[in-house]
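need a structure here:
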Amino acid sequence: MNKRKNYLLTDNGVKAIAKQSAPTKRTRHSDGDSLSLIHDPKGSLYWVMSYRYQSDKDIEPKQKTYHIGTYKLSSQVIDTNFKPEVSLKQARLERDSAKKLINDGIDPSEHKNRHKNSYEQKDLFEVIAKSYMSEKSKTTSKNVQKLQGFLDNHIRWCIRKYAEEIKEGDSQSKMIYLRL
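The predicted model follows:
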């Protein structure tokens, strides 16, 4: 038997809400099945999912809120070219995946935070360095070669060396790394 879908929001409905002026109080527009669009007094719109979760420390399940993402920032203007950061369809898919995590006994908010912080420092530097080099590629080729050589011979070497020494939770090593 197929699951019944009682969605209250539509794409056009969400755009109409986004075009409205900012409310005086925070307003919640429900899509059903615990997904809501929050209209903030500052003018931003974002998706949240309410759920109950009981961790090992809790005696009873607690009401929690999972922030899915932003539909519209307060500074954005709704026009014909507007693309939301997280659309209604994407929010529904994210809500469904969060519900699967809850059914598996995993708190989706903690899972998202763990996943967000699971990068390695040296990998993060590589991303920033590639972005920087692509910006500088518009200059002379000699300048690009100098920058690339400096990054490869001096900066990346230091990052790799100290990234291996940094241990999770070791604040003194992190301070040494930040001074670099």
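
Neighbours of the nearest residue to Asn143 once chain neighbours are set aside, how many?
Leaving out its chain neighbours, the residue that sits closest to Asn143 by C-beta to C-beta, 6 or more residues apart in numbering is Lys136, at 7.1 Å. In short, each C-beta sits where N, CA and C put it, glycine included. Counted with other C-beta atoms under 10 Å, the neighbours of Lys136 add up to 14.

so who does Lys136 touch?
Lys136 is in contact with 143-144, 147, counting by C-beta atoms under 8 Å, 6 or more residues apart in numbering.

what's the single longest strand in the chain?
With secondary structure taken from DSSP state E, the chain has its longest strand at strand 62-72.

and for it, what are the contacting residues?
If you take C-beta under 8 Å, 6+ apart as the criterion, strand 62-72 is touched by 14, 18, 35, 37, 43-55, 78, 82, 84-87, 90-91, 94-95, 98, 107-109, 112.

Just the pLDDT for the nearest residue to Thr27 once chain neighbours are set aside.
Excluding the flanking residues, the one nearest Thr27 by C-beta to C-beta, 6+ apart is His39, at 4.3 Å. Listed pLDDT for His39 reads 94.

what's near enough to touch His39?
The contact partners of His39, taken as C-beta under 8 Å, 6+ apart, are 17, 20, 22-23, 26-29, 45.

so of those residues, which ones are in strands?
Using DSSP E, the subset of those located in strands is 27-29, 45.

Pick out the most distant pair among the residues you listed.
Pairwise distances across the ones in strands among the contacts of His39 (C-beta to C-beta) peak at 11.1 Å, for the pair Arg28 and Leu45.

what's the overlap in contacts for these two?
Counting by C-beta under 8 Å, 6+ apart, the residues touching both Arg28 and Leu45 are 37-39.

circling back: for Asp58, see how far away the residue nearest to Thr27 is.
Counting by C-beta to C-beta, to the nearest Å, the gap between His39 and Asp58 amounts to 31 Å.

which residues in this structure form strands?
Using DSSP E, strands in the chain cover 27-32, 35-39, 45-53, 62-72.

Quick one: work out the angle between the first one and strand 35-39.
Interaxial angle, strand 27-32 versus strand 35-39 (axes from the mean of the first three to the mean of the last three C-alpha atoms, to 10 degrees): 160 degrees.

Run me through the strand neighbours of strand 27-32, direction for each.
Sheet pairing of strand 27-32 (DSSP bridges) gives strand 35-39 (antiparallel).

Generate the ChimeraX command that creates a selection of the buried members of the contacts of strand 62-72.
Buried subset of the contacts of strand 62-72, written as a ChimeraX selection, criterion 16 or more other C-beta atoms under 10 Å:
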select :14,18,35,37,43,44,45,46,47,48,49,51,53,84,86,91,94,95,98,107,108,109,112
